[in-house]
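Q: Kindly return the folded structure for what I paste below:
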Amino acid sequence: MSHFIPSTVCRLAALAAASLLALASPALAAEEDAPKGPAVTVLKAAKSCFSNLVEVSGIIMPREETQVRPERMGLKVAEVMADAGDTVTAGQTLARLNLPEGGQIVVQAPVAGVISVANATVGAFASGKGEALFNIIARAEYDMVGLVPTPDLSKLNVNQPAAVYVLGIAGNLEGKVRRLAPTVQPDSQLGQAFIGITSNRRLLVNASARALIKTSESCGVAVPLTAVQYGSAGTVVQVVKRQRIETKRVEIGLISGGRIEIKDGLTEGEEVVARAGALLREGDPVRPVPVAAPAANAK
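A: Got it, this is the predicted structure:
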């Protein structure tokens with residue numbers, strides 16, 4: 001018995017050590033398989049649509065302006081019944097004029113619209129060849145007239161939609177390309193674009209304006225601008241595969257809303273380093289931390 005107890009104790013101790021080792025092995029294996037390296041924020045490359053926009057700056061002009069004069073000479077203004085800024089209808093009486101031989105005639109609006117200029121004053125003479133009594137913006141229709149660089153002018157076509165922002169007017173107005181000048185200025189290589197504005201709001205002639213004209217749309221994979229690196233080797237993004245950095249050369253396209261279109265080199269769903277950096281190199285181990293991608297279909 002004196003020899004049995006120590007040997008039994010040894011066997012029990014060995015069994016206990018083996019059990020502890022067996023229990024510890026998965027933990028050790030998990031620790032060995034745990035990701036090494038710094039934590040990096042990643043997001044999945046997602047589908048998004050981009051609009052190709054041409055920006056035009058210019059001023060608001062009447063599309064058509066009608067000058068109102070009497071048909072004969074030697075008339076004197078007796079009464080003025082409209083002023084600049086008034087909206088008038090076709091046939092509305094704007095002024096009364098005294099005839100040299102006595103009696104009066106009326107001056108009527110030939111078209112509906114907005115009076116832009118009113119020169120008629122009581123006691124002043126009016127004639128068919130002198131200064132117009134009134135100028136009317138026909139049908140209250142306006143154009144935004146701007147100058148466009150030749151490369152952008154070639155992208156424009158009649159009826160392309162435009163969002164027009166007018167100084168002093170809240171929000172944007174709907175517009176369409178109405179006319180394009182057939183020539184450009186030889187010194188500046190700029191050409192005129194006329195963008196018709198659809199709005200019931202009164203606009204100020206000569207007010208500064210800016211239009212964004214949608215010329216085309218492209219849909220594909222997109223990533224944040226911060227995910228793209230530019231260098232001597234070209235344009236690249238960094239993706240995480242099997243918890244290691246992989247560098248991919250990509251072809252970029254349109255940019256909008258902090259995102260950039262990737263035309264080639266990346267597929268939807270790949271995990272992209274959200275903020276690529278020079279400290280991360282090919283093959284480096286990392287611990288990816290997923291974040292939600294921004295809303296798709298950026299315009």
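Q: For the stretch 101-250 of the chain, just list every one of the helices.
A: Along the stretch 101-250 of the chain, counting by DSSP state H, counting those that start in this stretch, helices occupy 150-153.
Q: For it, which segments count as strands?
A: Applying DSSP state E, counting those that start in this stretch to the stretch 101-250 of the chain gives strands spanning 104-108, 113-118, 125-126, 134-138, 142-149, 161-166, 173-180, 190-198, 208-224, 228-231, 234-241, 244-249.
Q: from the middle of its chain, how far away would the fourth one be?
A: When distances are taken as C-alpha atoms, centre = their mean, to the nearest Å, strand 134-138 is centred 34 Å away from the chain's centroid.
Q: and what of the fifth one?
A: Relative to the centre of its chain, strand 142-149 is centred 18 Å away, using C-alpha atoms, centre = their mean.
Q: Put the alpha carbons of it into CSV.
A: C-alpha atoms of strand 142-149 as CSV (Å, rounded to 0.1, in the frame of the first residue of the first chain):
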residue,chain,number,x,y,z
TYR,A,142,-37.6,83.6,-68.9
ASP,A,143,-34.4,82.1,-70.0
MET,A,144,-31.2,81.6,-68.1
VAL,A,145,-28.5,82.7,-70.5
GLY,A,146,-25.0,81.4,-69.8
LEU,A,147,-21.6,80.8,-71.3
VAL,A,148,-20.3,77.2,-71.6
PRO,A,149,-16.8,76.0,-72.3
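Q: Verify the contact between Leu94 and Asp83 for me.
A: No: the pair Leu94 / Asp83 is not scored as a contact, 9.5 Å apart, by C-beta atoms under 8 Å. All C-beta spots, glycine's among them, are computed from the backbone N, C-alpha and C.
Q: what touches both of those two?
A: Residues touching both Leu94 and Asp83 (C-beta atoms under 8 Å, 6 or more residues apart in numbering) are Ile115.
Q: Compare these two (neighbour count), which wins?
A: A direct count of neighbours by other C-beta atoms under 10 Å for Leu94 and Asp83 places Leu94 higher, at 23 against 11.
Q: Dihedrals phi and psi, the more buried one?
A: Backbone torsions of Leu94, given as degrees, to the nearest 10, read phi -100, psi -30.
Q: Show the contacting residues for it.
A: Leu94 touches Val68, Val80, Met81, Ala82, Val88, Val107, Gln108, Ala109, Ile115, Ala120, Leu133, Phe134, counting by C-beta under 8 Å, 6+ apart.
Q: Please name the nearest non-neighbouring residue to it.
A: Of all residues not flanking Leu94 in the chain, Ala82 sits nearest, at 4.4 Å (C-beta to C-beta, 6 or more residues apart in numbering).
Q: now swap in Gly234 and tell me
A: Arg249 is the one closest to Gly234 (C-beta to C-beta, 6+ apart), at 5.1 Å.
Q: that older thread, wasn't the residue nearest to Leu94 part of a helix?
A: No: per DSSP: H, G, I helix; E, B strand; the rest coil, Ala82 lies outside any helix segment and is coil.
Q: ok, now how distant is it from Gln243?
A: 78 Å (C-beta to C-beta, to the nearest Å).
Q: Between those two, which is the more surrounded one?
A: Legend: neighbour count by other C-beta under 10 Å for Ala82 and Gln243, higher for Ala82 (21 against 15).
Q: in stretch 46-58, what's buried?
A: Ala46, Ser48, Cys49, Phe50, Leu53, Val54, Val56, Gly58 (16 or more other C-beta atoms under 10 Å).
Q: what does it contact?
A: 144-148, 152, 155-156, 162, 193, 195, 208-222, 253-256, 259, 261, 268, 293, 296-299.
Q: State the mean pLDDT of that stretch.
A: In this model, stretch 46-58 has a mean pLDDT of 90.
Q: So what's the gap between that stretch and the chain middle?
A: The chain centroid and the centroid of stretch 46-58 are separated by 5 Å under C-alpha atoms, centre = their mean.
Q: Alpha carbons of that stretch, in PDB - could you do that?
A: Listed next in PDB are the C-alpha coordinates belonging to stretch 46-58 (Å, rounded to 0.1, in the frame of the first residue of the first chain):
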ATOM      1  CA  ALA A  46     -22.200  48.800 -53.300                       C
ATOM      2  CA  LYS A  47     -24.100  49.700 -56.400                       C
ATOM      3  CA  SER A  48     -24.700  53.400 -57.000                       C
ATOM      4  CA  CYS A  49     -25.800  55.700 -59.800                       C
ATOM      5  CA  PHE A  50     -24.100  58.900 -60.700                       C
ATOM      6  CA  SER A  51     -25.300  61.800 -62.900                       C
ATOM      7  CA  ASN A  52     -22.900  63.500 -65.300                       C
ATOM      8  CA  LEU A  53     -23.600  67.200 -64.800                       C
ATOM      9  CA  VAL A  54     -22.600  70.300 -66.600                       C
ATOM     10  CA  GLU A  55     -22.700  73.500 -64.600                       C
ATOM     11  CA  VAL A  56     -23.600  76.800 -66.300                       C
ATOM     12  CA  SER A  57     -23.500  80.300 -64.800                       C
ATOM     13  CA  GLY A  58     -25.400  83.200 -66.300                       C
END
